[in-house]
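Colleague: can't give you the sequence, but here's the structure:
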């Protein structure tokens with residue numbers, strides 16, 4: 001009898017983090033995929049990731065509308081609460097044999113709580129990592145609720161075990177997003193026109209003349225009231241470099257409204273000739289765009305994880321990724337336009353770095369599917385401290 005695997009995806013980056021595993025689960029005759037699209041994956045202003053799931057051939061088993069508007073701390077809590085109510089109903093309808101939750105976005109704890117209370121074995125992808133913001137608390141809380149752990153690095157595995165998890169339940173698979181990066185390296189040429197394929201708004205520029213930057217900066221939930229001034233520093237720094245830049249919209253965290261307003265005000269007041277703005281892209285297209293860039297700028301985990309494998313120079317801004325394992329390609333700066341601008345210049349001058357397999361070697365999705373077939377299922381656990 002096939003195991004029914006329910007994977008809950010709540011945001012556009014989470015889809016990239018699990019996509020190759022979804023394909024591997026779908027292809028395995030011993031597994032039945034139940035894909036749940038939830039939260040910001042269903043919203044156009046945050047990239048409408050469900051559209052890319054359907055384009056990739058996945059059947060959506062359930063859609064969970066749970067985002068409360070406002071982009072502040074209160075709406076984050078309410079979104080999580082509403083998600084717990086709705087996701088519990090989804091699990092009751094689908095009756096999965098196990099549930100998979102991804103990484104550390106605040107909504108993921110709703111998935112973890114619902115599965116745990118309903119005695120459904122819980123699989124956590126990418127636990128054991130260290131960063132800043134509310135993600136840190138959510139990630140470790142989900143680890144304690146989870147029964148099976150698929151981690152990206154050896155250090156992450158050690159962290160999970162030190163938290164009292166049974167070493168037999170911890171598997172170092174690497175990150176499935178590295179699988180996509182590995183495929184991109186096999187055919188790295190930029191084979192599409194971003195302006196023609198994805199539209200967006202802003203200036204149209206020659207990508208080939210001086211190269212270009214990729215920018216993605218999200219609000220920091222513990223600093224959400226500063227989101228507007230923080231994004232302004234990056235906007236002015238990028239404008240002042242004069243380098244063309246593809247800029248991607250922030251996620252749905254508290255402070256997103258301030259970040260978005262900062263971008264809109266800058267666009268209207270400054271009318272920058274070197275910046276074009278997008279909401280989302282297909283995973284391969286996005287990573288090809290990143291690979292062929294001169295540098296990625298911001299505070300997205302892409303600038304830490306995938307770029308380490310791709311060897312792309314990265315300027316990491318602020319505290320959002322504080323503590324996350326990183327390769328030599330990352331330069332850390334504060335929310336200061338001069339620091340950001342000078343770091344961009346330094347990274348552009350340095351050029352490409354050697355590929356670093358810190359977060360995987362390109363086979364994580366298949367490893368995850370294999371483990372889901374073979375691992376014993378249980379929803380009870382005890383501390384395993386030595």
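Modeller: That came through fine. Note that the structure is a prediction, hence the values are computed from the model and not measured. Numbering: from 1, shown residues only.
Colleague: for residue 30, give its distance to residue 98.
Modeller: Shown here: residue 30 relative to residue 98, a distance of 13 Å by CB to CB, to the nearest Å. For every residue, glycine as well, the C-beta is placed using N, CA and C.
Colleague: can you check residue 327 too?
Modeller: 33 Å.
Colleague: and residue 53, by the same measure?
Modeller: Between residue 53 and residue 98 the computed distance is 20 Å (CB to CB).
Colleague: ramachandran angles for residue 102?
Modeller: Main-chain dihedrals, residue 102, degrees, to the nearest 10: phi -120, psi 130.
Colleague: isn't it up against residue 9?
Modeller: Yes: assessed by CB atoms under 8 Å, residue 102 is found in contact with residue 9 at 6.7 Å.
Colleague: show me what counts as buried in stretch 255-272.
Modeller: Neighbour counts using 16 or more other CB atoms under 10 Å place 255, 256, 257, 258, 259, 260, 262, 263, 266, 267, 272 of stretch 255-272 among the buried residues.
Colleague: let me see the contact set for the fifth one.
Modeller: Contacts here follow CB atoms under 8 Å, 6 or more residues apart in numbering; on that basis residue 259 touches 217, 218, 219, 227, 228, 230, 231, 250.
Colleague: of the residues you listed, which is the nearest to residue 310?
Modeller: When the contacts of residue 259 are compared for distance to residue 310 (CB to CB), residue 217 wins out at 19.2 Å.
Colleague: how about the helices in the stretch 1-150 of the chain?
Modeller: Counting by DSSP state H, counting those that start in this stretch, the stretch 1-150 of the chain has helices at residues 12-27, 49-55, 73-94, 108-117, 133-145.
Colleague: tabulate the ones you listed (a markdown table), appending distance to residue 195.
Modeller: What follows is those, written out as a markdown table (distance: least, CB to CB, whole Å):
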| stretch | distance to residue 195 |
| --- | --- |
| helix 12-27 | 20 |
| helix 49-55 | 19 |
| helix 73-94 | 33 |
| helix 108-117 | 34 |
| helix 133-145 | 33 |
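Colleague: for residue 309, find the nearest of those.
Modeller: helix 12-27 (13.2 Å).
Colleague: what packs against that closest one?
Modeller: strand 3-9, strand 31-38, helix 49-55, strand 98-102, strand 122-125, helix 176-186, helix 283-291, helix 364-374 (3 or more CB pairs under 8 Å, 6 or more residues apart in numbering; DSSP states H and E).
Colleague: can you redo those as TSV with mean pLDDT?
Modeller: As requested, those are arranged in TSV below (pLDDT from 0 to 100):
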stretch	mean pLDDT
strand 3-9	98
strand 31-38	98
helix 49-55	94
strand 98-102	97
strand 122-125	98
helix 176-186	96
helix 283-291	96
helix 364-374	97
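Colleague: need those in JSON lines (columns: distance to residue 356 and mean neighbour count).
Modeller: Shown next, in JSON lines, are the helices and strands packed on helix 12-27 (distance: least, CB to CB, whole Å; neighbours: other CB atoms under 10 Å):
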{"stretch": "strand 3-9", "distance to residue 356": "27", "mean neighbour count": "25"}
{"stretch": "strand 31-38", "distance to residue 356": "31", "mean neighbour count": "22"}
{"stretch": "helix 49-55", "distance to residue 356": "27", "mean neighbour count": "17"}
{"stretch": "strand 98-102", "distance to residue 356": "23", "mean neighbour count": "27"}
{"stretch": "strand 122-125", "distance to residue 356": "21", "mean neighbour count": "26"}
{"stretch": "helix 176-186", "distance to residue 356": "10", "mean neighbour count": "23"}
{"stretch": "helix 283-291", "distance to residue 356": "14", "mean neighbour count": "23"}
{"stretch": "helix 364-374", "distance to residue 356": "15", "mean neighbour count": "20"}
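Colleague: let's have those in TSV, adding distance to residue 311.
Modeller: Below are the helices and strands packed on helix 12-27 laid out as TSV (distance: least, CB to CB, whole Å):
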stretch	distance to residue 311
strand 3-9	28
strand 31-38	32
helix 49-55	25
strand 98-102	25
strand 122-125	24
helix 176-186	9
helix 283-291	8
helix 364-374	19
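Colleague: among the ones you listed, which comes closest to residue 304?
Modeller: Comparing the helices and strands packed on helix 12-27 by CB to CB, helix 176-186 comes nearest, at 11.0 Å.
Colleague: between strand 98-102 and that closest one, find me the angle.
Modeller: 60 degrees (axes from the mean of the first three to the mean of the last three CA atoms, to 10 degrees).
Colleague: just the buried positions in the helix or strand immediately after helix 176-186 in the chain, please.
Modeller: As assigned by DSSP states H and E, the chain's next helix or strand after helix 176-186 is helix 194-198. Residues of helix 194-198 classed as buried under the neighbour-count rule (16+ other CB under 10 Å) are 194, 195, 198.
Colleague: could you do stretch 242-255 as well?
Modeller: 243-255.
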